[in-house]
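Visitor: Return a 3D structure for these sequence lines:
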Amino acid sequence: MSTTDEIRLTGLTVFGRHGVFDHEREDGQDFTIDLRLLVDLSAAAASDDVTDTVHYGELAEKVAAVVAGDPVNLIEKLAQRIADAALGDERVHEVEVTVHKPHAPIPLTFADVSVTIRRARTAAR
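Guide: Modelled structure (predicted):
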């Protein structure tokens, strides 16, 4: 089984209400998500059948629901929720999640703030 195969989803932008400040919860803002999944794609390559792979359209919808869902204080927590959603598919061996918060409340000029986490499937999952 190869875990060097990857599916990447980058630049998924979703409106959410995450942050420690009241105005972040009230006004909300866009968050951009990048995902990197390690998954064995050999079955899908052999069958040419979407049911043999992680459907990236369905994955995007799951991630969007997490970002648009219940607010959290930290993007670290949001990244963990997204990782948990991705690892909900047993074919995903490992996931890397980057949550970008380009409109973070920082009173200086900056291009982006992001958090990246990596999580692997454990025997308990």
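
Visitor: Stretch 52-60: how far from the chain's middle?
Guide: 13 Å (CA atoms, centre = their mean, to the nearest Å).

Visitor: pLDDT averaged over it, what's the number?
Guide: Across stretch 52-60, pLDDT averages out at 96.

Visitor: just for this protein, where's the confidence low?
Guide: The chain contains residues with pLDDT under 70 at 1-3, 123-125.

Visitor: those helices in it, which residues are they?
Guide: Assigned by DSSP state H, the chain shows helices spanning 22-27, 42-47, 56-68, 75-87.

Visitor: how about the first one: buried residues?
Guide: The one in question is helix 22-27. For helix 22-27, the neighbour count (16 or more other CB atoms under 10 Å) marks E24 as buried. For the C-beta atoms, the positions are set from N, CA and C on the backbone; glycine is no exception.

Visitor: same deal with the last one?
Guide: Judged by neighbour count using 16+ other CB under 10 Å, the buried positions of helix 75-87 are 75, 78-83, 85-87.

Visitor: With the second one instead?
Guide: Neighbour-count burial for helix 42-47, counted by 16+ other CB under 10 Å, picks out A44.

Visitor: Redo the helices of the chain as a markdown table? Include distance to G11.
Guide: Below are the helices of the chain laid out as a markdown table (distance: least, CB to CB, whole Å):
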| stretch | distance to G11 |
| --- | --- |
| helix 22-27 | 22 |
| helix 42-47 | 23 |
| helix 56-68 | 10 |
| helix 75-87 | 14 |
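
Visitor: Tell me which of these approaches H103 most closely.
Guide: For the helices of the chain, proximity to H103 was assessed by CB to CB; helix 22-27 is nearest, at 9.0 Å.

Visitor: how far does the closest one sit from the chain's center?
Guide: Distance of helix 22-27 from the chain centroid (CA atoms, centre = their mean) equals 22 Å.

Visitor: And the contacts of that helix?
Guide: Residues external to helix 22-27 that are found in contact with it (CB atoms under 8 Å, 6 or more residues apart in numbering): 17-19, 71, 105.
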